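1. Any chance you could fold what I've pasted below:
(chains A and B)
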Number of protein chains: 2
Amino acid sequence: MTAVACYGAEGSFSHIAALQYFGEGASIIGTGRFTDIFELVASGRATFGILPIENSLAGSIYENFDNLTRSNLRIIGEHLVRIEHALLVKKLEGVSPEDRIRQIRKVLSHQKAIEQCLNFFSDHPWIEGTVAGDTAGAAKQVATSPDTTLAAIASTEAASLYGLQVLRHSIEDDPKNYTRFVVIAREMGEPELCDKCSISFGVPHAPGTLLKVLQILSKDNANMTKLESRPVHGKPFEYLFYLDFHFGRSRDEILPQLRTVTYDLKVLGRYRAATLSL
Amino acid sequence: MTAVACYGAEGSFSHIAALQYFGEGASIIGTGRFTDIFELVASGRATFGILPIENSLAGSIYENFDNLTRSNLRIIGEHLVRIEHALLVKKLEGVSPEDRIRQIRKVLSHQKAIEQCLNFFSDHPWIEGTVAGDTAGAAKQVATSPDTTLAAIASTEAASLYGLQVLRHSIEDDPKNYTRFVVIAREMGEPELCDKCSISFGVPHAPGTLLKVLQILSKDNANMTKLESRPVHGKPFEYLFYLDFHFGRSRDEILPQLRTVTYDLKVLGRYRAATLSL
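-> Down below sits the predicted model:
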């Protein structure tokens, strides 16, 4: 049985991503911190890890860019999950949905989930958002608390798991809400099946240095899909770049070329790109 | 008297930045949220605002990139503050510094300040870091609490203000720790005094589009110092770019040129670059 480490309790979006990518046969280990995922995979207690890296509404999860560039683990896959946030409450017999929503005082969820549902909070000013560790954990807390004025923002899967009622479906501000996950392992993926590459590198502190990187990609017809800069400790306002690109004409020559204009270039992974169905 | 809005209580690094930039004559209004600074300046209750935008150890303050691109206020100045974190406690007579540090159980500070002092926490494993709203507020809380096992990470200015003892100076992991602030106002700055420009823009979703932006900058000998991408709501994995550059040969022609290869280009501000003394 393949052991896969992910963040959060059963019913969390990371858990859903792991099930979708690896299938029901995988044994999923939920953790409380992203760094625990790296430790579980590095030590061999898990074969794979799955990490959220970017949400289409809330933006990059910068912590995981830092974790990836510092680690020796490799990205071997990518997966996109459509994020639909539901409002979950304890079911009270004989109370209409309209009355039930007026009873709610506090909604627990992950910070990013609350940020993705700001319109819901504007429309229901008597309800306050409170940050919890993860969406599924918030659902569990609502299920076990005697306080019926509590609600959670989480997946409908979490509602089934913890016996909660789905009071509202899809309360996210924008239905085009996706989270991109990367799958990590101890060894690099198989190049034949891969069309995408993630790298990190520094560039000398001089005008036009990043331009040279983009020119090499452009000449090869490689398509850059993500560029992030993160600070380098001890070198104020110098940056380590994180870059994703789809391979262009050459697969083997582009990395040596990029090495000539960068320093500390590291191949974080080669993998098959996930497709986005809108 | 010039009214300047900033984040946090007296003794916070934002407050220090405001005093250094505007001098002792300014009337400084501390706020509890970055968006309050925008509201105070937009409504005219403050003439200027000062915002942290980037820390050399902890990275960009992405929330303020989003606030800037959404607002109609303009960046008119830039300022760098060397961040030195001190460990502050209530003074107990007759207790040596060695004994005093062993009495500490919990240290309150801003999340980013805790992230900048991780070595201190490794070296003192009996001390736990707890997140507070801002560094100066944490110092105030320590000063008013009867609990003498509490400490704060904050500026030495906060120690003087709240009557606390500086138990350790400069506990940050790296002494090259700077925060870059931008000064905002309702009107654009005076172009003659400016050598730096901040813009935001989108690029069409096609290979090589960002490259065209960097080529225009490079041809003009303009030096890009910062590039950030933030998600566009409703357009999964399309990005709004935020870019800082030092003007090259032309000051008036570069923006029309950049408009030909971007969309929604917005000039966030023109200003004099701050200098970094290492």
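2. Now the residue in the stretch 151-278 of chain A positioned nearest to chain B: which helix or strand?
-> Relative to chain B, the nearest point of the stretch 151-278 of chain A is A:Pro236 (3.7 Å; Cβ to the nearest Cβ). Where C-beta positions appear, they are placed from N, C-alpha and C, glycine not excepted. Per DSSP states H and E: A:Pro236 is located in strand A:235-246.
3. Pull out the buried residues from that strand.
-> By neighbour count, with 16 or more other Cβ atoms under 10 Å in any protein chain shown as the criterion, the buried positions of strand A:235-246 are A:Pro236, A:Phe237, A:Tyr239, A:Leu240, A:Phe241, A:Tyr242, A:Leu243, A:Asp244, A:Phe245, A:His246.
4. and A:His85, what does it touch?
-> Residues near A:His85 by Cβ atoms under 8 Å, 6 or more residues apart in numbering or on different chains: A:Ser109, A:Ala113, A:Gln116, A:Cys117, A:Thr135, A:Ile153, A:Ala154, A:Ser155, A:Ser170, A:Ile171, A:Glu172, A:Asn177.
5. What does the pLDDT read for it?
-> For A:His85, the pLDDT comes out at 95.
6. before we move on, what about A:Thr262?
-> 95.
7. didn't it look like it was pressed against A:Leu214?
-> No. In terms of Cβ atoms under 8 Å, A:Thr262 does not count as a neighbour of A:Leu214; the distance is 11.6 Å.
8. Pull the number of nearby residues for the closest residue to chain B within the stretch 1-150 of chain A.
-> At 3.8 Å from chain B, A:Ser56 is the closest residue in the stretch 1-150 of chain A, using Cβ to the nearest Cβ. By other Cβ atoms under 10 Å in any protein chain shown, the residues close to A:Ser56 number 24.
9. which one is it nearest to, not counting chain neighbours?
-> The shortest distance from A:Ser56 to any non-neighbouring residue, by Cβ to Cβ, 6 or more residues apart in numbering or on different chains, is to B:Pro236 (3.8 Å).
10. show me the contacts for that neighbour.
-> A:Ser56, A:Lys176, A:Asn177, A:Tyr178, A:Leu276, A:Leu278.
11. Take those and keep only those in strands.
-> Per DSSP state E, strands hold the following members of the contacts of B:Pro236: A:Tyr178.
12. Pipe the contacts of B:Pro236 into a markdown table and attach pLDDT per row.
-> As requested, the contacts of B:Pro236 are exported to a markdown table (pLDDT from 0 to 100):
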| residue | pLDDT |
| --- | --- |
| A:Ser56 | 85 |
| A:Lys176 | 83 |
| A:Asn177 | 87 |
| A:Tyr178 | 90 |
| A:Leu276 | 72 |
| A:Leu278 | 49 |
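13. For the stretch 51-200 of chain A, which residues are neighbours of chain B?
-> Residues of the stretch 51-200 of chain A found near chain B (Cβ under 8 Å from any Cβ of the partner chain) are A:54-59, A:62, A:173-174, A:176-178, A:180.
14. change it to 10 Å
-> The stretch 51-200 of chain A comes close to chain B at residues A:54-60, A:62-63, A:65-66, A:80, A:82, A:116, A:173-178, A:180, as judged by Cβ under 10 Å from any Cβ of the partner chain.
15. And those, which of them are buried?
-> A:54-60, A:62, A:65-66, A:80, A:82, A:116, A:173, A:176-178, A:180.
16. what's the domain layout of chain A?
-> For chain A, automatic domain parsing gives the domain ranges A:3-83+A:177-185, A:86-168, A:191-271.
17. Looking at those domains, which one is packed in the most?
-> Comparing those by mean neighbour count (mean count of other Cβ atoms under 10 Å in any protein chain shown), domain A:3-83+A:177-185 comes out on top with a mean of 20.
18. Let's have the buried residues of strand A:235-246 in a markdown table, adding distance to A:Ser218.
-> Putting these into a markdown table (distance: Cβ to Cβ, whole Å) gives the following:
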| residue | distance to A:Ser218 |
| --- | --- |
| A:Pro236 | 30 |
| A:Phe237 | 26 |
| A:Tyr239 | 21 |
| A:Leu240 | 22 |
| A:Phe241 | 16 |
| A:Tyr242 | 19 |
| A:Leu243 | 13 |
| A:Asp244 | 15 |
| A:Phe245 | 10 |
| A:His246 | 12 |
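19. A:Ala26: which of these is nearest?
-> Minimum distance to A:Ala26 across the buried residues of strand A:235-246 is 25.1 Å, recorded for A:Asp244 (Cβ to Cβ).
20. Which residue is the nearest non-sequential neighbour of the closest one?
-> A:Lys226 (3.9 Å).
21. Okay, now the sheet partners of the helix or strand that neighbour falls within, with direction.
-> Taking DSSP H and E as the criterion, A:Lys226 maps to strand A:223-232. When pairing is defined by DSSP bridges, strand A:223-232 lines up against strand A:235-246 (antiparallel).
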